[in-house]
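S.K.: here's my sequence, what's the structure:
(chains A and B)
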Amino acid sequence: MIRLEMKGITKSFPGVKALDQVDFSVGNQEIHALIGANGAGKSTLMKILAGAYQGYEGEILIDNEEKTILSPVDAKAHGIVIVYQEVDTALVPHLTVAENIMMDEIISPKQKIMISWKKVKKEARRELEALGLDIDVNRLVSDLSLSQKQMVLIGRAVYQKAKFLILDEPTAPLSIEETRKLFKIVKKLKEDGMSIIFISHRLDEVFQISEKITVLRDGQFIGTYNVEDMTIDKIVEKMLGRKLENTFPKHIGDIGEEVLKVDDFSGTGGIHHVNLRLHKGEIIGLAGLVGGGKTELCKLIFGEGTIAQGKIILNGKEVNNKNPAHAVINGFALVPEERRKEGILVHESIEANLTLPTLNKYCNYSFMDRVKMKNISKENIQKIGIKTPNEKQIVANLSGGNQQKVAIGKWLLSDAQIYIFDEPTKGVDVGSKAEIYSLIGELVKEGKSVIYATCEFSEILGLTDRTYVMYNGTIAKELITKDTDEEELLLYSTGGGQNVQKRV
Amino acid sequence: MSKNESKQKIDLFQFFYKYGTILVIVLAVLFFSIRLENFMNFNNITNIFRSVSIVGLIALAITMALTVDGFDLSVGAVAGFASVIAAKIMVIWEMSPVWAITIPLLVGVIVGMVNAFLIIKVGISDMLTTLSMMFLLTGISITFQNGTAIYNYMPLPDNAGIAPGMMHPAYLFIGQGKIFGIPFPVILMLTVVIIVHIFLNYTKYGRYLYMVGGNEEAAKLSGISTKKYRLLAYIFSGFIAALGGLVLGARLGSGEVNAGGSYLMDAVAAAFIGFSVLGIGKANAFGTLLGALLMGVLLNGLIMMDFPYYSQDIVKGIVLIVALGLTYYRKKD
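M.R.: Below is the predicted model of the structure:
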């Protein structure tokens, strides 16, 4: 029986105390969920355990023996392995699956000068088979899907005989089917004697898979609970320190005339024959699983990609969104799914980000009016509730939820008529989620129209008026939201009728 | 206790990060002023600025490409080519200096457009595109000048006598003239520094260039025509490089392509040293100017102290490493 304990862990960064006297313990073949709002300190705590930081206060005990973990090598020596959300950072894309799984073996000092590739492949294959996976070990990692890459990393952890496996938001990018597969493997690893620490924002999953839940809030330890004693509502309350009021805005605007019509639309990313309509003051949902084509459709409407056929009709007139710049001029706004890569410039200030799409408005003869930009930014920061000391703050220093508010906020200043949101609450904590929903509620109240793409069906049900379910690059079904439910959404987003799937 | 220490350490590093480059310039000037009595007189200072003016201009050309996270290795060749065209126009073709100034600048713009086309549309990496362009332009220049430099009274091939035309004084003024005792190239370079600075920091175009350089995808999805602004950056790069070439040609009183190439590496160094000035961490006009000045001061001082010429490159290398170290060391975390 192996037990890992972290006691009184404190970690400070310049200006912030990320963790304050946090206790955490896991052991005995346990699946232990670590949850908290963004900025609660989950990742910091796990990074300490994985040796990503060179200093911390407090002690780490393994079987009551104090251990110091100052580097990933220390962590591995104690059997602690972490699989980060960004799987690509830990993989070498142009090497094969076998080489990636066996990487630690290959680079270990014990490795002989000549490598036996036959042996490497054999052992990698055995590892994958033990996990019940069917991945060709000769394939290049760059050709794998995201979930397969995760599996390669888990395979590597197993090969290292990890005793503690940390999964940092592993399900965020996965489809339902892939999540189910992952959970099956996680349960198997547990039976084989591993303890798993599972970080997630998806509370329903947390309740499905884990036995214990530890909640952090603002760098403080709130408590460790048995799953049987908790409900989602209670956990949310612990995470927020208050009761969560109705998340979705109650009143949705008055729905007016048709403003947007997408007609027999095909193009980049396998989008084909899409038809949809959007009215003034309406929120339509694009429901679908990962890979269903939501992101591709959102981008295509916004002019990113090549339109093969079909047209976009705005206010009765055909518009040509041949690139995003044109789309913006035509009155479209997109909050893209990949926030840090596409939505914001992380190394720039909040002000620079907020004023970017509307820069023309604050210019006199192309010269920027800095005072105006500052005031507008301040006003907007307050309006959308971005938590920051000032408008000059670099966006990279904000929490995920606040970054997303910047990505949304920059469009609120524009005269856009059609707002497209692609998974705007992905990786965002519960509190910020509610704020984002209410921002969207404000938009439609002002008479704007919203396309809301998400794979979280609860959001579709809570937020939208009408829903288009996407499957395989096209609209599989149009539904009136108040007459549908998660079952039905799932049915159509998995290919309609033939095989109904449920989460795990 | 330990917290205070680490805070002090951070502050000290912050200080060097922001003011390190300026501090080095000040220290170098102080050192040379004390050791050399002739260092701090007007003539020598003017001399330093004049020697820096061509590198400065070519470095500003690179700076423009760097703002969009691109690169331009062709600037030295563009400068050389510009000087050759200008000389040929006046000395061989006997045309007016107006053409000798406008045509090379136009050629600079066209080279920038071709670079941008190859990088943006064809998709060759910026480094390789401009490397190819560097070779291409050098080759074209040498062909164009029949293998020799072009200068006044030069003998023509095939015993055709001497060149008919002359470098016009108005053209030579660009490289050799003075206004109130200040060399014209220095005035020109400082003017371009100020214009580029204003353009990059106070106009929306400059903001767009930096945003495209910061994250092209995010900039594009914010509605910026990223291709247009990358094109713009390379056009400016070509134009400013050609301007540097005119100064070079007028200074030498001749047109020779190889004269431009030797400025390339110094200009690259100046632009990158510029990153570290005031801890800005990205390409900027004043930083580039200070980068060029820093190297100019060091070289001038070392030459006056009778350092062997080969030590110059050692000094340049060290300065560049320190400046880049300051910039990138902090970027790590």
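S.K.: please, where are all the strands along the stretch 151-300 of chain B?
M.R.: Taking DSSP state E, counting those that start in this stretch as the test, the strands found in the stretch 151-300 of chain B are B:178-179, B:182-183, B:254-255.
S.K.: quick one: which of those has the weakest pLDDT on average?
M.R.: For the strands of the stretch 151-300 of chain B, mean pLDDT drops lowest on strand B:254-255, to a mean of 88.
S.K.: ok, now which ones touch the closest residue to chain B within chain A?
M.R.: Closest residue of chain A to chain B, CB to the nearest CB: residue A:328 (3.0 Å). Placement of C-beta: from N, CA and C, glycine included. Shown in contact with residue A:328 (CB atoms under 8 Å, 6 or more residues apart in numbering or on different chains): A:357, A:414, A:416, B:222, B:223.
S.K.: swap in 6 Å and give it another go.
M.R.: Neighbouring residues of residue A:328 by CB atoms under 6 Å, 6 or more residues apart in numbering or on different chains: residue B:223.
S.K.: which of the helices or strands spans it?
M.R.: Assessed by DSSP states H and E, residue A:328 sits inside helix A:324-329.
S.K.: got the buried residues for that helix?
M.R.: Buried residues in helix A:324-329, defined by neighbour count with 16 or more other CB atoms under 10 Å in any protein chain shown: A:324, A:325, A:326, A:327, A:328.
S.K.: and it, how far out from the chain's middle?
M.R.: Once both centres are worked out by CA atoms, centre = their mean, to the nearest Å, helix A:324-329 turns out to sit 26 Å from its chain's centre.
S.K.: state the mean pLDDT of that helix.
M.R.: On average, helix A:324-329 scores 93.
S.K.: adjacent strands (with direction) for the helix or strand just after that helix?
M.R.: Remark: after helix A:324-329, the chain's next helix or strand is strand A:332-335, criterion DSSP H and E. On the basis of DSSP bridges, the sheet neighbours of strand A:332-335 come out as strand A:418-422 (parallel).
S.K.: so what touches the partner strand?
M.R.: The contact list for strand A:418-422, computed with CB under 6 Å, 6+ apart, reads A:260, A:295, A:298, A:332-337, A:443, A:448-453.
S.K.: what mean pLDDT does the helix or strand following it have?
M.R.: Sequence-wise, the next helix or strand downstream of strand A:418-422 (DSSP H and E) is helix A:430-445. For helix A:430-445, the mean pLDDT works out to 87.
S.K.: mind listing what's buried in helix A:430-445?
M.R.: Result for helix A:430-445 [16+ other CB under 10 Å]: buried residues A:430-437, A:439-441, A:443-444.
S.K.: and if you look at stretch B:172-185?
M.R.: Under the neighbour-count criterion of 16+ other CB under 10 Å, stretch B:172-185 has B:172, B:174, B:175, B:176, B:177, B:183, B:184, B:185 buried.
S.K.: ok, which of these also contact chain A?
M.R.: Residues of the buried residues of stretch B:172-185 in contact with chain A (CB under 6 Å from any CB of the partner chain): none.
S.K.: which two of these have the greatest separation?
M.R.: Checked with CB to CB, these reach their widest spread between B:172 and B:183, with 12.4 Å between them.
S.K.: domain parsing for chain A?
M.R.: A:3-240, A:258-331+A:416-437+A:449-504, A:338-414 (automatic domain parsing).
S.K.: will you turn those domains into TSV that also has distance to residue B:246?
M.R.: Converted to TSV, the domains of chain A look like this (distance: least, CB to CB, whole Å):
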stretch	distance to residue B:246
domain A:3-240	47
domain A:258-331+A:416-437+A:449-504	35
domain A:338-414	27
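S.K.: interface residues of chain B facing chain A?
M.R.: B:202-204, B:211, B:214-215, B:217-218, B:220-223, B:225.
S.K.: do that again at 7 Å, thanks
M.R.: Residues of chain B found near chain A (CB under 7 Å from any CB of the partner chain) are B:10, B:202-205, B:207, B:211, B:214-215, B:217-218, B:220-225.
S.K.: narrow those to those in helices?
M.R.: Mapping the residues of chain B next to chain A onto helices (DSSP state H) picks out B:10, B:202, B:204, B:205, B:207, B:211, B:214, B:217, B:218, B:220, B:221.
S.K.: out of the residues you listed, which is most surrounded?
M.R.: Within these, most neighbours by other CB atoms under 10 Å in any protein chain shown means residue B:221, with 29 neighbours.
S.K.: got a list of contacts for stretch A:310-317?
M.R.: The contact list for stretch A:310-317, computed with CB atoms under 7 Å, 6 or more residues apart in numbering or on different chains, reads A:259-266, A:301, A:318-319, A:321, A:330-331.
S.K.: list the buried residues for that stretch?
M.R.: Under the neighbour-count criterion of 16+ other CB under 10 Å, stretch A:310-317 has A:310, A:312, A:314 buried.
S.K.: what's the answer for stretch B:87-103, then?
M.R.: B:87, B:88, B:89, B:90, B:91, B:92, B:97, B:100, B:101, B:103.
S.K.: return the subset of those lying in helices.
M.R.: With DSSP H as the criterion, helices contain B:87, B:97, B:100, B:101, B:103 from among the buried residues of stretch B:87-103.
S.K.: doesn't residue B:257 make contact with the first one?
M.R.: No: the pair formed by residue B:87 and residue B:257 falls short of the contact definition of CB atoms under 7 Å, at 10.5 Å.
S.K.: what bits of chain B have low per-residue confidence?
M.R.: Chain B contains residues with pLDDT under 70 at B:1-10, B:330-333.
S.K.: tell me which strands and helices the helix or strand hosting residue A:375 is in contact with?
M.R.: Assessed by DSSP H and E, residue A:375 sits inside helix A:370-384. Contacts defined by 3 or more CB pairs under 7 Å, 6 or more residues apart in numbering or on different chains; DSSP states H and E place helix A:370-384 against helix A:350-355, helix A:400-412.
S.K.: related to what we said a few turns ago, pull the CA atoms of the helix holding residue A:328 into CSV?
M.R.: The C-alpha coordinates for helix A:324-329 follow below in CSV (Å, rounded to 0.1, in the frame of the first residue of the first chain):
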residue,chain,number,x,y,z
PRO,A,324,-11.9,37.3,-41.8
ALA,A,325,-11.1,40.9,-42.5
HIS,A,326,-14.1,41.0,-44.9
ALA,A,327,-16.3,39.2,-42.5
VAL,A,328,-15.6,41.8,-39.8
ILE,A,329,-16.4,44.6,-42.2
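S.K.: ok, so of the ones in helices among the residues of chain B next to chain A, who is nearest residue A:464?
M.R.: residue B:221 (22.9 Å).
S.K.: by proximity to chain A, which residue of chain B wins?
M.R.: For chain B, CB to the nearest CB, closest residue to chain A: residue B:223, 3.0 Å.
S.K.: would you agree that residue is in contact with residue A:358?
M.R.: No: Residue B:223 lies out of contact with residue A:358 (CB under 7 Å); the separation is 9.0 Å.
S.K.: more neighbours: which of the two?
M.R.: residue B:223 (27 against 21).
S.K.: please report how far the residue nearest to that one when sequence neighbours are not counted lies from residue A:433.
M.R.: Leaving aside its chain neighbours, residue B:223 sits nearest to residue A:328 (3.0 Å; criterion: CB to CB, 6 or more residues apart in numbering or on different chains). From residue A:328 over to residue A:433 the distance is 26 Å, taken as CB to CB, to the nearest Å.
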